[in-house]
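Enquirer: I would like the atomic coordinates for the input below:
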Amino acid sequence: MSLDEITQQFELDGSKILKITPYGNGHINDTFVVETDKKRYILQRINTNLFKKPEELIHNHLLITDYIKKNNPKERVLTLVPTKNKKYLSKTELGCFRMFEFVENSVCFNKITPQLFEKSGEIFGKFTAMLDGFDATKLYDVLPNFHNTQMRLEQFEWALKKDVLGRAKDCKNEIDFVLKRKKIAPVFMNLLKTGEIPYRVTHNDTKINNLLIDKDGGGGVVIDLDTIMKGAAGFDFGDSIRFGATTAKEDEKDLNKVHFDLNLFKAYTKGYLKNMGQLLTQKEKDTLAFSAILITYECGMRFLTDHLNGDTYFKIDHPSHNLERARTQFKLASEMEQNFGKMHDIVSRESGYVKG
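Expert: Take a look at the predicted model:
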């Protein structure tokens, strides 16, 4: 079966398919643009090695987007296209496929500027705000315990104990960094379990390239909804800061180039709290700055765990790649700790924002 034949299984607007071409630079799924004589679409082959139950992705996606369409009908969302038999998946010998409507008049960015980062915070914050009344427990946990930092710590300690390739001796500083901060690992999961902070819909991959920003600068569409689950608002806020409020790439070898950028933190916080400032509980606000430290610590720990395990999860370009990634995250987390008071003050000031 060809891509053309798979495409024709979906309900398309147009009498013929003009072309199908690879699209984007995603690392998980294979993505194509489908162009008919009337409209463009996105065809995507789901990575079923990672997402073993693609029906759960569809379930979560439809619940979220249907809720937004019902309560915010003027907002654009990433819309699934049904198949001709009224389903949303096409399972073939070439893989499991789905289709989306193409989000026209939008642009995707990969590089951060303060203005773009503030816009990113505004859009992700609005996305969470639009789902404020949604029961997040209805969502499948497609990646169970994704931000369970305590479980990530246990996985790290097991990898350290096994030390299958004898690498532990060459990363003692990084190991010590993790172990000295063990007490912070369970904080968010404990807050959720006790109800001190509420479960919300979380995206769990809030990078700027998971946004399609309107070309007129008005708003944008959150994409890559595969990791939508229930969690804490801090999961998304913290991951955005981890990814964006930095002066260097995630795998920068020269740690002298790696710094936490407080101005970028302020820009994102300002954008995020424009829409979430009045919705977050006081406890959520009090833990936003901490969430950046925790998620950065967690990510670095995951890189270090994979390095100790022999690089079985993250793709690498060379044997020390995951160790280099871990070092950048720990450098950022360390500088966040040094700036924690300033970060908390920024959150406090910006959370008082009142929409005009």
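
Enquirer: What residue spans form the domains of the chain?
Expert: Domains of the chain are assigned by automatic domain parsing as 3-102, 114-350.

Enquirer: Give the burial count for residue 297, as a bare number.
Expert: The number of residues packed near residue 297 is 27, by other C-beta atoms under 10 Å. For glycine as for every other residue, the C-beta is placed from the backbone atoms N, C-alpha and C.

Enquirer: tell me the secondary structure for it?
Expert: Following DSSP: H, G, I helix; E, B strand; the rest coil, residue 297 is assigned to helix.

Enquirer: from the chain's centre, how far out does the strand or helix carrying residue 158 sit?
Expert: Counting by DSSP states H and E, the element that carries residue 158 is helix 149-162. Relative to its chain's centre, helix 149-162 lies at 22 Å (C-alpha atoms, centre = their mean, to the nearest Å).

Enquirer: Am I right that residue 312 is in contact with residue 322?
Expert: No. Using C-beta atoms under 8 Å, residue 312 is not in contact with residue 322; the gap is 10.0 Å.

Enquirer: overlap in contacts of these two?
Expert: residue 306 (C-beta atoms under 8 Å, 6 or more residues apart in numbering).

Enquirer: Between these two, which is the more surrounded one?
Expert: residue 322 (27 against 9).

Enquirer: tell me which element the more buried one falls in.
Expert: Going by DSSP H and E, residue 322 is in helix 321-338.

Enquirer: where does that helix sit relative to the chain's centre, distance-wise?
Expert: Worked out by C-alpha atoms, centre = their mean, helix 321-338 lies 19 Å from the chain centre.

Enquirer: next one: stretch 319-326
Expert: Distance, stretch centre to chain centre, for stretch 319-326: 21 Å (C-alpha atoms, centre = their mean).

Enquirer: buried stuff in that stretch?
Expert: 320-326 (16 or more other C-beta atoms under 10 Å).

Enquirer: count of neighbours near the nearest residue to residue 308 once chain neighbours are set aside?
Expert: Nearest residue to residue 308, sequence neighbours excluded (C-beta to C-beta, 6 or more residues apart in numbering): residue 159, at 4.1 Å. Neighbour count of residue 159, defined by other C-beta under 10 Å: 21.

Enquirer: Local confidence estimate at residue 159?
Expert: Residue 159 carries a pLDDT value of 98.

Enquirer: Out of the domains of the chain, which one sits most buried?
Expert: Each of the domains of the chain was scored by mean neighbour count; the highest is domain 114-350, a mean of 19, by mean count of other C-beta atoms under 10 Å.

Enquirer: How far does it sit from its chain's centre?
Expert: Put simply, domain 114-350 sits 9 Å off its chain's centre (C-alpha atoms, centre = their mean).

Enquirer: From residue 310, how far out is the most centrally placed residue in the chain?
Expert: Closest residue to the average C-alpha location of the chain: residue 205 at 0.4 Å, with C-alpha atoms, centre = their mean. Separation of residue 205 from residue 310 (C-beta to C-beta, to the nearest Å) stands at 25 Å.

Enquirer: What ranges does the stretch 51-200 of the chain have for its strands?
Expert: Using DSSP state E, counting those that start in this stretch, the strands of the stretch 51-200 of the chain run over 90-92, 95-101, 106-107, 200-202.

Enquirer: Rebuild those strands as TSV, extending it with mean pLDDT and distance to residue 336.
Expert: TSV is the format used below for the strands of the stretch 51-200 of the chain (pLDDT from 0 to 100; distance: least, C-beta to C-beta, whole Å):
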stretch	mean pLDDT	distance to residue 336
strand 90-92	95	44
strand 95-101	96	36
strand 106-107	92	30
strand 200-202	97	20
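
Enquirer: can you list these in CSV and add distance to residue 55?
Expert: CSV is the format used below for these (distance: least, C-beta to C-beta, whole Å):
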stretch, distance to residue 55
strand 90-92, 10
strand 95-101, 10
strand 106-107, 28
strand 200-202, 19
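
Enquirer: hmm, who's touching the helix holding residue 158?
Expert: 145, 168, 175, 178, 182, 184-189, 294, 297-298, 301-302, 304-305, 308-309.

Enquirer: for stretch 165-172, same thing?
Expert: 160, 175, 304, 307-308, 310, 323, 326.

Enquirer: List just the nearest of the residues you listed to residue 214.
Expert: Using C-beta to C-beta, residue 326 comes nearest to residue 214 of these, at 36.4 Å.

Enquirer: follow-up on the earlier one: the helix holding residue 322 - contacts with which helices or strands?
Expert: helix 172-179, helix 233-244, helix 282-309 (3 or more C-beta pairs under 8 Å, 6 or more residues apart in numbering; DSSP states H and E).

Enquirer: Which parts of the stretch 51-200 of the chain are helices?
Expert: 54-71, 114-130, 149-162, 172-179, 187-194 (DSSP state H, counting those that start in this stretch).

Enquirer: Thanks a lot, see you next time.
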